[in-house]
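Enquirer: starting from these lines, generate the structure:
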Amino acid sequence: MVSHAVLVEFVRLKSPHTGENIRQLTEEVLDKYNIKDKVYKIVTDNASSMIKAYKFGLFPDEEANECEDGIIATQNTQNLSDDLDHDIEMNTFQAINVDSDNDEDFEDQMGTRLSCFAHSLQLCVRDGLKNSTYTTRALGKCQSLAKSSHKSSKVADYLEEKNKHVNKMNVTRW
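Expert: Residues are numbered from 1 along each chain as shown. All right, here's what the predicted structure looks like:
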């Protein structure tokens, strides 16, 4: 089996953006494409609502049970109780190898949510730039130049002549 990273769907989440609403919408999308049992991790930003949404795994009615030989079996208890009179299909279980010597790493591996490295890095850079007065002045001059390149036809003509352009400033709210 090969892991893949894909964007499944892009949907608007209407207010309120609570952890429960985020988790519920995620479940609806995964149900729509019938891929609930194929999703191992979800990458999110560091917002508290995202952390709460996946704090207890992707689906709150799942339990993890430790078996022999350091293997974890995850079963959906709701479906299991519905199927008590029927044969239990083995595909309702997911086996994960666990290094029993390293319990802290095991705890991290079992979480569903992964923090987006780009978000975390951007937050570090932003905080570092805020505390640096000399870069604040230099970046202020760059912002001023960018603004004038979009407001002044002279500057815009000059940049076009040189086959150059300055992107508009973008404030990232991470």
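
Enquirer: just give the closest residue to residue 21, not the sequence neighbours.
Expert: Leaving aside its chain neighbours, residue 21 sits nearest to residue 13 (6.6 Å; criterion: C-beta to C-beta, 6 or more residues apart in numbering). Where you see a C-beta, it was placed from the backbone N, CA and C, and this is true even at glycine.

Enquirer: no wait, residue 115
Expert: Using C-beta to C-beta, 6+ apart, the nearest residue to residue 115 is residue 46, at 5.6 Å.

Enquirer: that neighbour is in contact with residue 122, isn't it?
Expert: No. Using C-beta atoms under 8 Å, residue 46 is not in contact with residue 122, being 10.3 Å away.

Enquirer: show me how the protein divides into domains.
Expert: If you go by automatic domain parsing, the domain ranges for the chain are 8-58+112-131, 61-109, 138-169.

Enquirer: hang on, the earlier thing: distance-wise, check the residue nearest to residue 115 relative to residue 19.
Expert: To residue 19, residue 46 is 13 Å away according to C-beta to C-beta, to the nearest Å.

Enquirer: more neighbours, those two?
Expert: Neighbour count, other C-beta atoms under 10 Å: between residue 46 and residue 19, residue 19 has more, with 17 against 13.

Enquirer: all the helices of this protein, in order from the start?
Expert: Using DSSP state H, the helices of the chain run over residues 19-32, 48-53, 77-82, 103-110, 117-130, 133-151, 153-161.

Enquirer: which of these sits closest to residue 42?
Expert: For those, proximity to residue 42 was assessed by C-beta to C-beta; helix 19-32 is nearest, at 7.0 Å.

Enquirer: where's the closest residue to residue 5 other than its chain neighbours relative to residue 120, distance?
Expert: Spatial nearest neighbour of residue 5, chain neighbours left out: residue 43 (7.9 Å); criterion: C-beta to C-beta, 6+ apart. For residue 43, the distance to residue 120 equals 11 Å [C-beta to C-beta].

Enquirer: quick one: mean pLDDT over stretch 34-45.
Expert: Averaged across stretch 34-45, the pLDDT comes to 86.

Enquirer: show the end-to-end separation of it, please.
Expert: 25 Å (C-alpha to C-alpha, to the nearest Å).

Enquirer: show me the contacts for the residue nearest to residue 21.
Expert: 21-22, 25 (C-beta atoms under 8 Å, 6 or more residues apart in numbering).

Enquirer: and it, how close does it get to residue 144?
Expert: 36 Å.
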